[in-house]
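Student: just a sequence and a predicted model for now, questions to come.
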Amino acid sequence: MPEEAVTTLHAELDRFGRAEEGFALLEVFLEVARPRLGAVVLDPVGLRLPAELTDDRALVQDLIDELEQEPVGRGRVVERGYDMDDEQARWDYVRLAYSSNQATVWSRRQRTTYFEVAAWEKATYWLPDSLKAEYFDALSGRGWAIPEDWLTAVAKRPKPWWKRGGFS
């Protein structure tokens, strides 16, 4: 059975009028995708506030300070998971994801990455057609403007596994 087509959507904070708009779009995504989600993780080392952040600067800085106060052991895992069924954990993750060097939202069984922040600068959604339709409907229903380039982004079929360089 062929894999569902996937659309790539760029979501760096500087693409939005305010950082909080990017946060809101990620919050809606996490709510819509929750039944499909696997691990939702970020790298807590070297967190820093995004320059675009306005309203929540002090709150996000407090979250960063709390994480930096945690004891660092030799076996420290450089990945922190967040429970998307917990409203506060979702709020924290959304703000810290954009403050992190690496943040990822995986599908179940971690076969697909749905969202990723990399090197504090790049942010991308990779959405299968069915999830994209659900997400866009939820955004519209809540009154959020969908970025124009997201509406015109073309879905592509993933390469077959034998052309991806892997043998899974």
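Tutor: Right, received. Where do you want to start? Residues are numbered from 1 along each chain as shown.
Student: which one is the residue positioned nearest the centre of the chain nearest to, not counting chain neighbours?
Tutor: Taking CA atoms, centre = their mean, the centroid of the chain lies closest to Phe115, which sits 3.8 Å from it. Nearest non-adjacent residue to Phe115, counting by CB to CB, 6 or more residues apart in numbering: Val105, 4.0 Å away. Just so you know, the C-beta spots here come from the backbone N, C-alpha and C atoms, and that holds for glycine as well.
Student: secondary structure element for that neighbour?
Tutor: strand 102-107 (DSSP states H and E).
Student: name the helices or strands packed onto that strand?
Tutor: helix 19-33, strand 37-42, helix 87-97, strand 113-118 (3 or more CB pairs under 8 Å, 6 or more residues apart in numbering; DSSP states H and E).
Student: now the ones you listed as CSV including distance to Val6?
Tutor: What follows is these, written out as CSV (distance: least, CB to CB, whole Å):
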stretch, distance to Val6
helix 19-33, 14
strand 37-42, 16
helix 87-97, 20
strand 113-118, 10
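Student: quick one: which of those is nearest Asp149?
Tutor: Within the helices and strands packed on strand 102-107, the stretch nearest Asp149 is helix 19-33; the backing value is 13.2 Å (CB to CB).
Student: give the rounded mean pLDDT of the closest one.
Tutor: In this model, helix 19-33 carries a mean pLDDT of 94.
Student: got it, and stretch 104-113?
Tutor: pLDDT averaged over stretch 104-113 gives 86.
Student: give me the contact list for that stretch.
Tutor: 29-30, 33, 36-42, 114-117, 126, 128 (CB atoms under 8 Å, 6 or more residues apart in numbering).
Student: now stretch 51-60
Tutor: Contacts of stretch 51-60 (CB under 8 Å, 6+ apart): 13-14, 16, 18-20, 22-23, 49, 95-96, 98-99.
Student: if we go to 10 Å?
Tutor: For stretch 51-60, contacts defined as CB atoms under 10 Å, 6 or more residues apart in numbering pick out 12-23, 47-50, 61-63, 91-92, 94-96, 98-99, 120.
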